[in-house]
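Peer 1: Sharing a sequence plus its predicted fold:
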Amino acid sequence: MNIKAVTSSFRQQGIQFLADPQWIIPSIIAPFMFTVVALYMYSGGGELDSPIVLTAVLGGGVLGMWGNMLFASGFTITYDRYNGTIEPIMMTPTHLIDVITGRSIWNALIGLLNAILVFIFAELIFGVGVSVSEPLFFFPMLALTLFSLASIGLMLSALFVLTRASFVVMTILEFPIYVFSGALFPISVLGKLEPISYILAPSWGVDAMKTAAVAGHESITAFGIYFDVAVMILLMVIYIAAAYILFGVIERNIRNSGTLVRY
Amino acid sequence: MTAEHEYPIVVEGLTKVFKPTRRSKLPEKVAVNDVSFHVRKGEIFGLLGPNGAGKTTTIKMLSTLLIPTSGSAKIFGMDTSGGDEKRIREMINLVSGGERGLYYRLTGRQNLRFFSNLYNIDGNKQDALIEKLLEIVKLTDAADIKVEDYSRGMKQRMHIARALVNDPQILFLDEPTIGLDPEIARDVRSLVRQLADSGTTIMLTTHYMYEAEELCDRIMIISDGRNVGYGTVAELKQMVSDTNIIEIVTSDDPHDTVSKLLTERRFVHINTERIAGRYCTRVQLKDDTDVLSEFDSLFSGYGIRKIGYDEPTLEDIYLSLVGSDEH
């Protein structure tokens, strides 16, 4: 891995992100909307109790993080394709995935800002702050969950290299994570589809966060928070390895078909 | 000097076939068909041909962006699709003509730094390198301006600076002066010549014959993916030594007569251009009989200003080999 390429891509993504005033929409306005929707959805017009506030705010946070991550990952490749910079990147000795990794880390940090803003909006505007019983566990879990989302984004960005219809793919991929991660409602309600949640690293992160936040929360397994972390990290390693393999296969494919520069 | 250093580019039987996608109704396209050539170290090698002839596809195969269907393209003895792509990419670079290929929201300096990092260039050396490159392409004063505010010529010079960040031993230039005004195009040509003089091997595609004639040590002309002419300009002229060129300059447009002549098989090519208010018609024919009096009579109604035999230019050779019959 070319670390210089990763850090440089991180900086480049930051400069490009801040140069476009539209960044306010996904990073400030969207979290506010997520919070409003999640809180109204869970309140049902009545009072909000503490576990429901946690689910709503956590759900809003994960929604914000994933939405931001997915669209940023998809857009980054689409932009290079449209901008004609994908070929100069491919011509360098640096693997395309190193560039995407740097950008994904930036996107992850913006996703984290997104989640933090959800918590702040919930507290300041709706007066329903999240009380965390184990903050030393909760916040690292939040960061780890975010990076698990980033690792899914990295894997999916390989598909964005392959397709010109990235916006369609992004829209299709947005909702499964909302449903299967357990962020908005417990995965136990998914019935026969529940196993899908187990192969998604963020599900384990969300479970770990709930365990850290609510004393007495029943984890999805009997092993608790450390097991959640172990499975999440294992799944992230699998996603990243899959991303490397996918990028290799896809690079060969597009070098054969000559479809890299079509947009 | 080993063979791969004497000939850093060796191409043998290179072929690229684009297969139609499942949804595409287009037929299979043979973009490059059994092309072979080699390029010497420090040489400027020109690849000429009409649109869609396979020039860019050839350059993309040589620069590891495309995998050949058959044949081989070797850079310093390494196959461009044989697993040595990373090593090859450290030694080559590509400049494409046009406005795309740079990050518009970044300044020129930020673009160069980004690509320097992709080439893993030592951070301590980057500042000096970027300054030097900006100086070479005369963009020092615009270094901290966003590329979106650059003119077309500035963008093209920035493309060249970007392509020099890894000090490439081989530089591919795909129509580097397309759309540039004459002064900037001249600067770019001068820079290309300087790079070649300093030992960089250059492979150039262009539509401008005078550019190829001015810069290229050797030229290959391709048409429909096939090699139709290969050598120095003098050697290419030999290929059409049996062709006579007659140039007729007239005051009026000889369109009607030229249209009639185009139907005659004895003419290889006929082309009329309007230059400085006059019409210059160049006729290529494989006929060594004296036909001047015939042409004098055919064009007499258009106000002949000049008529006579001429030496073939690279453009004449190109048109003869490509077989175009545009008016």
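Peer 2: It's in.
Peer 1: does residue A:120 belong to a helix or a strand, and which?
Peer 2: Per DSSP states H and E, residue A:120 falls inside helix A:96-124.
Peer 1: measure the closest residue to chain B within chain A to residue A:76 for me?
Peer 2: Proximity of chain A to chain B (Cβ to the nearest Cβ) peaks at residue A:84, 2.7 Å away. Bear in mind the C-beta positions are built from the backbone N, C-alpha and C, glycine included. To residue A:76, residue A:84 is 15 Å away according to Cβ to Cβ, to the nearest Å.
Peer 1: Equivalent analysis for residue A:172, please.
Peer 2: Going from residue A:172 to residue A:76 by Cβ to Cβ gives 18 Å.
Peer 1: Next: residue B:57.
Peer 2: 27 Å.
Peer 1: quick one, strands of the stretch 101-250 of chain B?
Peer 2: For the stretch 101-250 of chain B, the strands defined by DSSP state E, counting those that start in this stretch cover B:170-174, B:201-205, B:218-223, B:226-231, B:244-250.
Peer 1: Now render these as JSON lines, adding distance to residue A:229.
Peer 2: As requested, the strands of the stretch 101-250 of chain B are arranged in JSON lines below (distance: least, Cβ to Cβ, whole Å):
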{"stretch": "strand B:170-174", "distance to residue A:229": "49"}
{"stretch": "strand B:201-205", "distance to residue A:229": "54"}
{"stretch": "strand B:218-223", "distance to residue A:229": "60"}
{"stretch": "strand B:226-231", "distance to residue A:229": "62"}
{"stretch": "strand B:244-250", "distance to residue A:229": "81"}
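Peer 1: mind checking pLDDT for the residue nearest to residue B:134 when sequence neighbours are not counted?
Peer 2: In space, and not counting its chain neighbours, residue B:134 is closest to residue B:140: 4.6 Å by Cβ to Cβ, 6 or more residues apart in numbering or on different chains. Here, the pLDDT recorded for residue B:140 equals 93.
Peer 1: just the angle between the helix or strand containing residue A:147 and helix A:96-124, please?
Peer 2: Using DSSP H and E, residue A:147 maps to helix A:135-162. Counting by axes from the mean of the first three to the mean of the last three Cα atoms, to 10 degrees, helix A:135-162 points 130 degrees away from the direction of helix A:96-124.
Peer 1: how about the helix or strand following helix A:135-162: buried residues?
Peer 2: Note on helix A:135-162: by DSSP H and E, the next helix or strand toward the C-terminus is helix A:166-180. For helix A:166-180, the neighbour count (16 or more other Cβ atoms under 10 Å in any protein chain shown) marks A:166, A:169-170, A:173, A:177-180 as buried.
Peer 1: And for stretch A:117-125?
Peer 2: Judged by neighbour count (16+ other Cβ under 10 Å), stretch A:117-125 contains these buried residues: A:117-119, A:121-122.
Peer 1: would you list the buried residues of helix A:166-180 in JSON lines and tack on pLDDT and distance to chain B?
Peer 2: Formatted as JSON lines, the buried residues of helix A:166-180 follow (pLDDT from 0 to 100; distance: Cβ to the nearest Cβ, whole Å):
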{"residue": "A:166", "pLDDT": "69", "distance to chain B": "17"}
{"residue": "A:169", "pLDDT": "75", "distance to chain B": "16"}
{"residue": "A:170", "pLDDT": "75", "distance to chain B": "21"}
{"residue": "A:173", "pLDDT": "76", "distance to chain B": "22"}
{"residue": "A:177", "pLDDT": "78", "distance to chain B": "29"}
{"residue": "A:178", "pLDDT": "76", "distance to chain B": "31"}
{"residue": "A:179", "pLDDT": "79", "distance to chain B": "31"}
{"residue": "A:180", "pLDDT": "81", "distance to chain B": "31"}
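Peer 1: Looking at the residues you listed, which one is closest to residue B:161?
Peer 2: Using Cβ to Cβ, residue A:166 comes nearest to residue B:161 of the buried residues of helix A:166-180, at 30.2 Å.
Peer 1: and residue 81, how many neighbours?
Peer 2: The chain I'm using is chain A. 21 (other Cβ atoms under 10 Å in any protein chain shown).
Peer 1: That was the other one, I meant chain B.
Peer 2: By other Cβ under 10 Å, neighbour count at residue B:81 equals 17.
Peer 1: and what of residue B:262?
Peer 2: 13.
Peer 1: How about residue B:215?
Peer 2: Residue B:215 sits with 21 neighbouring residues when counted by other Cβ under 10 Å.
Peer 1: If I look at it, what pLDDT would I see?
Peer 2: With respect to pLDDT, residue B:215 has a value of 91.
Peer 1: Can you tell me how far the closest residue to it other than its chain neighbours is from residue B:172?
Peer 2: Once flanking residues are discounted, residue B:215 sits nearest to residue B:44: 5.1 Å by Cβ to Cβ, 6+ apart. Distance of residue B:44 to residue B:172, given as Cβ to Cβ: 12 Å.
Peer 1: shared neighbours, the two?
Peer 2: The contact sets of residue B:44 and residue B:172 overlap at B:202-203 (Cβ atoms under 8 Å, 6 or more residues apart in numbering or on different chains).
Peer 1: Contacts only, for the residue of the stretch 101-250 of chain B found nearest chain A.
Peer 2: Residue nearest to chain A within the stretch 101-250 of chain B: residue B:117 (3.5 Å; Cβ to the nearest Cβ). Contact analysis of residue B:117 by Cβ under 8 Å, 6+ apart lists A:2, A:4-5, A:7-8, B:126.
Peer 1: same check, this time on residue B:120
Peer 2: Listed by Cβ under 8 Å, 6+ apart, the contact partners of residue B:120 are A:2, A:4-5, A:93-94.
Peer 1: do that again at 7 Å, thanks
Peer 2: Contact partners of residue B:120, counting by Cβ atoms under 7 Å, 6 or more residues apart in numbering or on different chains, are A:2, A:4.
Peer 1: Repeat that for residue A:194.
Peer 2: A:187-188.
Peer 1: for chain A, what are the nearby residues on chain B?
Peer 2: B:18, B:63-67, B:86, B:89-90, B:93-94, B:100-103, B:105-106, B:110, B:113-115, B:117-120, B:162 (Cβ under 7 Å from any Cβ of the partner chain).
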